[in-house]
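**Q** Quick one: sequence plus predicted model below, questions after.
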Amino acid sequence: MGSLVVGRVVAIFNWGVIVDIGLSKVGLIDALYVDDEDKYEPGAEVAAYLESLDSMKDKYILRPPHQTSLAERLRNKGYDV
């Protein structure tokens, strides 16, 4: 985990962006990582860091390169994660 991967946007929802990263499961860029100025479109190529595998969602969790991980954001606010 933590590798930079490149994939293609498959679908866009209010809860996130689904990305085909060429693995057995698709990737998800959670809506928490999507800023207003981000322009995701189906078929567009995107790069993201492979953060983890969410077995409940059956998807890889992806983080765009310009974003700080959720765990790091929580640690910066004083939470023990």
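**A** Received the coordinates, thanks. Predicted, not measured: the structure shown is a model, and the values here were computed from it.
**Q** ok, now which ones touch the residue lying closest to Val6 once chain neighbours are set aside?
**A** Of all residues not flanking Val6 in the chain, Ala47 sits nearest, at 5.0 Å (Cβ to Cβ, 6 or more residues apart in numbering). Heads up, the C-betas are built off the backbone N, CA and C, glycines and all. Residues near Ala47 by Cβ atoms under 8 Å, 6 or more residues apart in numbering: 4-6, 64-65.
**Q** among those, which ones are buried?
**A** 5, 64 (16 or more other Cβ atoms under 10 Å).
**Q** List the buried residues of stretch 74-81.
**A** Buried residues in stretch 74-81, counted by 16+ other Cβ under 10 Å: none are found.
**Q** dump the residue contacts of Leu23.
**A** Contacts of Leu23 (Cβ under 8 Å, 6+ apart): Tyr60.
**Q** Kindly confirm my reading that it forms part of a strand.
**A** No: assessed with DSSP: H, G, I helix; E, B strand; the rest coil, Leu23 is coil; it does not lie in a strand.
**Q** Gly7 is in contact with Leu45, correct?
**A** No Leu there; residue 45 is Glu. Yes: the criterion here is Cβ atoms under 8 Å, and Glu45 meets it with Gly7 at 7.4 Å.
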